[in-house]
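Engineer: Quick one, structure for this:
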Amino acid sequence: MTLQGESQVPERPVGVAAVLREVVLPGPELEAAPQTPAAPLVLRVIDVYPHGTDHRYDLEWYGLEPGRYDLAEYLMRVDGTVPEGLPALSVDVTSALAADGIVTPNALSPTDLPSVGGYAALLIGLGVVWVLGLALLVAGRRKRRAMEAPAEAPPATLADRLRPLVERAVAGELPREEHARLELGLIALWRRRLGLEDADAADAVARLRAHADAGPLLRALEEWLHRPKAARADVDVAALLAPYRALAPEELA
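Structural biologist: Predicted structure coming up:
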């Protein structure tokens, strides 16, 4: 796979994951370098295949800040040494906002309002009253039926909603796309709850990972996705979900 040429540079908006497949890189086997709190981009090695004396990689990445980045700078050899002679793997992370951060709505087109009066106005008024009466009658019947029918109990807490996803992640059965969406959803939830929505994205993620309530599950998801072969037999799912027992299910968008 080649990434040469300006028109071939992959791009994604901030927070949206992308996958580069069949990327051939020279030299010994590589893995993702440890994530630093200030890193503006997250890179994961999904799979590695022998390719003659080289290796072929499937790489997943998403950006935390707009800009152009070289994925090769986020790789290291499995023995911990810094690789040399890697080709540039440029990607672009874009922002959904305009350059000045201001979104201007389209202007409304002026139009003339019709004038209604006399007998036509009376007929329209009677029609409105009839429609409102019918709507109230239908709404009353629906309300009575809803009160008589057994209501389906929603999940008691956000922990109940998260449990099947976390258990599948522990078992290695959660697809990577769902895994990434869950991780991004939790980051958005805790940024909103902790008042970090206007904070620098990389700084906010670092603070969430260190937080007593937000950190345990975020760090666990990062470890499971970054190192899929890590031992998970001793994972305490109940402890990871403890901070979510007091939250409503709909708090996770």
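
Engineer: Below-threshold pLDDT in the stretch 151-253 of the chain: ranges please.
Structural biologist: 151-155, 227-233 (pLDDT under 70).

Engineer: Would you indicate which residues of stretch 63-82 are buried?
Structural biologist: Along stretch 63-82, these residues count as buried under the neighbour rule (16 or more other CB atoms under 10 Å): 63-64, 69, 71-75. For every residue, glycine as well, the C-beta is placed using N, CA and C.

Engineer: could you give the mean pLDDT of it?
Structural biologist: What stretch 63-82 shows for mean pLDDT is 93.

Engineer: How about residues contacting that stretch?
Structural biologist: Stretch 63-82 has contacts (CB atoms under 8 Å, 6 or more residues apart in numbering) with 9, 12, 14-15, 20, 25, 27-33, 39-43, 45, 59, 61, 83, 86-95, 200-202, 205.

Engineer: Now the buried members of these.
Structural biologist: For the contacts of stretch 63-82, a neighbour count by 16+ other CB under 10 Å gives the buried set as 14-15, 20, 25, 30-33, 39-43, 45, 59, 61, 83, 86, 89-91, 93, 201-202, 205.

Engineer: Please narrow the residues you listed to those residing in helices.
Structural biologist: Of those, the ones assigned to helices by DSSP state H are 201-202, 205.

Engineer: Against L165, how distant is the one residue sitting closest to the centre of the chain?
Structural biologist: Centroid-nearest residue in the chain, with CA atoms, centre = their mean: L184, separated by 3.3 Å. Counting by CB to CB, to the nearest Å, the gap from L184 to L165 is 13 Å.

Engineer: cool, V45 as well?
Structural biologist: Distance of V45 to L165, computed by CB to CB: 23 Å.

Engineer: next one: E177
Structural biologist: E177 sits at a distance of 12 Å from L165 (criterion: CB to CB).

Engineer: Give me the more crowded residue out of those two.
Structural biologist: Taking other CB atoms under 10 Å, E177 and L165 do not tie; L165 has more neighbours (17 against 11).
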